[in-house]
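>>> for reference, the sequence and a predicted model appear below.
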Amino acid sequence: MRIGGGIEKPYSNPDEWIALVKDLNYSAVLVPVSNRATKEEKRDYLNYINRYNLVLGEVGVWRNPLAANPEERKVSLEYCKQQLSLAEEMGANCCVNVAGARGENWAGFYQDNYTEDTYALIVDTVREIIDSVKPERTFYTLEPMPWMVPDSPEANLKLLKDVDRKAFAVHLDFTNMINDPRKYVYSTDYIRECFTKLGPYIKSIHIKDANMREVYPCSIEECMPGKGTFDYASILHLVEGLGSDTTAFVEHLQSYEEYKEAVQYVRGIAKKENITIL
């Protein structure tokens, strides 16, 4: 398996970027350039990715292609296509976005997120993005969210069937799908179920942890690996089973130092379990 994450320090060229990547002990990286980068800039970063045996795991989108505002939706949809094109050009494992939300917040929770019309729009939108780019080396994926489709392994499988495109795959964020107390207290079993059902389709993974506070009705909050209650020995064995170039990324941390701490923790568990992280 491969591990990576955010950087949270500025860089202006491949030399500065690779120094940070090496210091963080990453073997997987997020895309280091925007879709506006020149061919020469993309080539220079790819040369470093190849030279240092890194895997480019994800090109992020993080826009709302379901926006109720027609102009916002148009701009977001075009950006999705541009990012998928960037992922294809650079040979990333996947391009990842959320499905989108039917309200002002691009990733917010709304009743209309769950309607049949919204589901049909998600299917049509994903098809449009993929059919516009026609990727052959990468995949378009939707990160699961606690309050929008897909929010379970079953919802992921249904989307795969309904979208019906070879270039549509799964981005696994098991923490985001642990959205009720039962899933939380049985997190080891639930995470194993996610891998069992979705394993053949997974192109990249976000690895986080979680804690649940005893407040009413409930509060489940993500945190750094090792700061919550998840069984990371079990999780890393599941990731290892997907193949040596499977990318796993820590995310949503506040500083460079926190990313370094999180990767050190994951690598330490892997070493105890005789799991190879390249």
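Structure received. Since we're looking at a predicted model, the values are computed, not measured.
>>> and the strands in the stretch 151-278 of the chain?
In the stretch 151-278 of the chain, the strands defined using DSSP state E, counting those that start in this stretch lie at 168-172, 202-206, 209-213, 219-223, 247-250.
>>> okay, buried residues for stretch 224-232 please.
224-225, 227-228, 230, 232 (16 or more other C-beta atoms under 10 Å). Glycine gets a C-beta too; all of them are placed from N, C-alpha and C.
>>> contacts for it, please.
Stretch 224-232 has contacts (C-beta atoms under 8 Å, 6 or more residues apart in numbering) with 175, 184, 187-188, 191, 207-212, 222, 250, 253, 258, 261-262, 265-266, 269.
>>> any idea how far Trp17 is from the residue nearest to Asn13 when sequence neighbours are not counted?
In space, Asn13 comes closest to Asp44 once its chain neighbours are excluded; the distance is 7.9 Å by C-beta to C-beta, 6 or more residues apart in numbering. From Asp44 over to Trp17 the distance is 10 Å, taken as C-beta to C-beta, to the nearest Å.
>>> which one is Cys95 nearest to, not counting chain neighbours?
Closest residue to Cys95 apart from its sequence neighbours, by C-beta to C-beta, 6+ apart: Ala87 at 3.9 Å.
>>> was I right about the one you found contacting Gly60?
No. In this structure, Ala87 is not within contact of Gly60 by C-beta atoms under 8 Å, at 9.5 Å.
>>> what is in contact with those two at once?
Joint contacts of Ala87 and Gly60 (C-beta under 8 Å, 6+ apart) are 31, 95.
>>> neighbour count: those two, which is higher?
Relative neighbour count places Ala87 above the other of Ala87 and Gly60, with 28 against 16, counting by other C-beta atoms under 10 Å.
>>> pull the contacting residues for the more buried one.
Listed by C-beta under 8 Å, 6+ apart, the contact partners of Ala87 are 31, 59, 94-95, 135, 138.
>>> let's see 6 Å
59, 95, 138 (C-beta atoms under 6 Å, 6 or more residues apart in numbering).
>>> buried residues, the host helix or strand of it. List them.
Element membership of Ala87, judged by DSSP states H and E, is helix 70-90. Buried residues in helix 70-90, counted by 16+ other C-beta under 10 Å: 72-73, 76-77, 79-90.
>>> make sure Ala68 is indeed in a strand.
No. Looking at Ala68 with DSSP: H, G, I helix; E, B strand; the rest coil, it is coil, so not inside a strand.
>>> next, give phi and psi for it.
The phi/psi pair for Ala68 (degrees, to the nearest 10) reads phi -70, psi -30.
>>> isn't Ile202 up against Phe174?
No. In this structure Ile202 lies outside contact range of Phe174 using C-beta atoms under 6 Å: 10.4 Å.
>>> average model confidence for stretch 124-138?
Mean pLDDT, stretch 124-138: 98.
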